[in-house]
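In: Generate a structure from the sequence data that follows.
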Amino acid sequence: MKHVTLRQLRVFESVARHLSFSRAAEELHLTQPAVSMQVKQLEEQAGLPLTEMIGKKVYLTQAGEEVARHARYIAQQLREAEEALDALKGVKGGRLSLGVISTAKYFAPRLLAEFRRRQPGVELQIGVHNRETVVRKLAENEIDLAIMGQPPVEFATVAEAFADHPLVIIAAPDHPLAARKQIAPALLNDETFIIREPGSGTRAAMERYFADVGIAPQHRMELISNETVKQAVMAGLGLAFISAHTVGLECEVGRLVVLPVTGTPIMRRWFIVHRAEKVLLPVAETFREFLLAEAPALLSGQKTSHANK
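Out: Residues are numbered from 1 along each chain as shown. Just a heads-up that it's a prediction; the model follows:
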């Protein structure tokens, strides 16, 4: 692939991300035939088909997946080079690509709004995903930083705790256990638990807690988001082990209750994470420092000493 151009890689990366030639054309301000031509030329260089049409849908071939991975990496490296040069020129701003696990979406906007207020020239690119997806995006260098509760172990990272992360067990207000003053963990064995999907950080924390206290509830219902978990618990379908950050409003208005189970809340930590070998550009470093210094007070509703500057 000696004669591959950056333009071809950029076009293919957009097609691979959208799985659509028309959406890639719209994003890049090109015609669809121009996009198709660039992909065809790249395929000629690769010597293998990179996409295939099944019905009306575009799919990547195995070769396409591999080229897309490298195209994303090259695009990220070029962006980092551009921002590093801008920093040397004294240009303020830059773009921050941030991955946020789904549980953190309940407080992350508050932090990002304050950061944006202080750094109005920064362009924020934010993705909310389950833990498994955030880890993959870190591994493939698709994001600069991640906010998560359980740093990856699959590869070397720098993970710094910036705030407490309490995990609680919730129930509907009319659940029989809701009237108890104290609940032994053993009483949970016969309850139905509404749980998150595999790959969720909350589910992993729940499994560790169950193992630590020696219980193994057999009745489970798996759902794919905190919102559906909360709705299921409010409907009386069972209990849930969940981040306290996600249920503040529902508990305040009496739609949910936190059960006083012995040994809870389980206190974990929120981390800001990046790959160990990654050199953070100025905007990412500034955001990291902002979280470490300001997040605890912002999440507790307090103003920091810099808040009004």
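In: tell me the contacts of the nearest residue to residue 218 once chain neighbours are set aside?
Out: Among residues not flanking residue 218 along the chain, residue 189 sits closest, at 7.9 Å (Cβ to Cβ, 6 or more residues apart in numbering). Heads up, the C-betas are built off the backbone N, CA and C, glycines and all. By Cβ atoms under 8 Å, 6 or more residues apart in numbering, the contact set of residue 189 is 215-218.
In: go again using 7 Å as the cut-off
Out: 215-217 (Cβ atoms under 7 Å, 6 or more residues apart in numbering).
In: Distance of it relative to residue 180?
Out: Distance of residue 189 to residue 180, computed by Cβ to Cβ, to the nearest Å: 15 Å.
In: cool, residue 279 as well?
Out: 53 Å.
In: For the two, indicate the residue with more neighbours.
Out: Higher neighbour count among residue 279 and residue 180: residue 180, with 13 against 10, using other Cβ atoms under 10 Å.
In: Check the burial of the residue lying closest to that one once chain neighbours are set aside by counting its neighbours.
Out: Excluding the flanking residues, the one nearest residue 180 by Cβ to Cβ, 6+ apart is residue 260, at 6.9 Å. If you count neighbours by other Cβ under 10 Å, residue 260 ends up with 14.
In: try residue 219
Out: Neighbour number of residue 219 under other Cβ under 10 Å is 11.
In: my guess is it contacts residue 192, does it?
Out: Yes - with contacts counted by Cβ atoms under 7 Å, residue 219 reaches residue 192, the gap being 4.0 Å.
In: Can you tell me which helices and strands the longest helix along the chain packs against?
Out: In the chain, with assignment by DSSP state H, the single longest helix is helix 62-88. Counting contacts by 3 or more Cβ pairs under 7 Å, 6 or more residues apart in numbering; DSSP states H and E, helix 62-88 packs against helix 6-18, strand 94-101.
In: what mean pLDDT would you report for it?
Out: Averaged over helix 62-88, pLDDT sits at 83.
In: tell me how far that helix is from the chain's mean position?
Out: Centroid separation for helix 62-88 versus its chain: 20 Å, with Cα atoms, centre = their mean, to the nearest Å.
In: Pull out the buried residues from it.
Out: Using 16 or more other Cβ atoms under 10 Å as the test for burial, helix 62-88 gives 64, 67-68, 71-72, 75-76, 80, 83, 86-87.
In: re earlier: out of the helices and strands packed on helix 62-88, which gets the lowest mean score?
Out: Between the helices and strands packed on helix 62-88, the lowest average pLDDT goes to strand 94-101, which shows a mean of 89.
In: Check the offset of that one from the chain's centre.
Out: Counting by Cα atoms, centre = their mean, strand 94-101 is centred 9 Å from the centre of its parent chain.
In: Please name the nearest non-neighbouring residue to residue 197.
Out: Nearest residue to residue 197, sequence neighbours excluded (Cβ to Cβ, 6+ apart): residue 224, at 5.0 Å.
In: tell me, how many neighbours does that neighbour end up with?
Out: Using other Cβ under 10 Å, residue 224 is surrounded by 12 other residues.
In: wait, it sits on residue 195?
Out: No - between residue 224 and residue 195 there is no contact under Cβ under 7 Å: 10.4 Å.
In: Quick one: the strands in the stretch 101-250 of the chain, in order.
Out: Taking DSSP state E, counting those that start in this stretch as the test, the strands found in the stretch 101-250 of the chain are 122-129, 145-148, 157-171, 192-195, 219-222, 240-243.
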